[in-house]
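Return a 3D structure for these sequence lines:
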Amino acid sequence: GFGSGHELVGRKCVNLRTLNEPFSFFGVDLGEGRKLLPTCYTVMNRNSSTHVLMNWHFEGSNDKLNWTVLDRRVYMPDQLDAAEHDYVDEELVEALCQKQGTNTWGIDQNVYQDIEDEGFRFFRLIQISPNSSG
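Now for the predicted structure:
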């Protein structure tokens, strides 16, 4: 990848990207004693139209070993064995691939029904296939 972990959060567009391989990820630690149950999250593309994150899971954990998938997104199903993802929002794919392309996704709150915890300390956005340049 390229860039520093602290560049992951914030509103400034920076040159940050994962490796171009599945299971590369960006992660955040809220710190000891802090937990969150997010309702949405936002992804911003860097100032380039290459190496764009296209297929991912947004996950939460309290121990960095056991992860709960909070949201799944697949915009390039041809990179996966993803027969269930036969519809691709081409307009959104085009927007994501723009320099500084940004979108916000809601998290289905039903995902929290099976969780007996009050939130998560750790979060990661894990790439489940090569990026758009893959």
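
Please count neighbours and contacts with C-alpha atoms only from this point.
Will do.

low-confidence ranges in the protein?
1-19, 46-51, 76-88, 117, 131-134 (pLDDT under 70).

the strands in it, which residues?
Using DSSP state E, the strands of the chain run over 25-29, 40-44, 55-61, 68-74, 102-106, 122-127.

quick one: strands adjacent to the fourth one?
By that I understand strand 68-74. Strand 68-74 has these partner strands in its sheet, going by DSSP bridges: strand 55-61 (antiparallel).

Of all the strands of the chain, which one comes closest to residue 112?
Of all these, strand 68-74 sits nearest to residue 112, with 8.3 Å by Cα to Cα.

coming back round to it: for residue 94, which of the strands of the chain is the nearest?
Nearest to residue 94, of the strands of the chain and by Cα to Cα, is strand 102-106 at 11.0 Å.

which helices and strands does the closest one pack with?
Using 3 or more Cα pairs under 8 Å, 6 or more residues apart in numbering; DSSP states H and E, the elements in contact with strand 102-106 are strand 40-44, helix 90-96.
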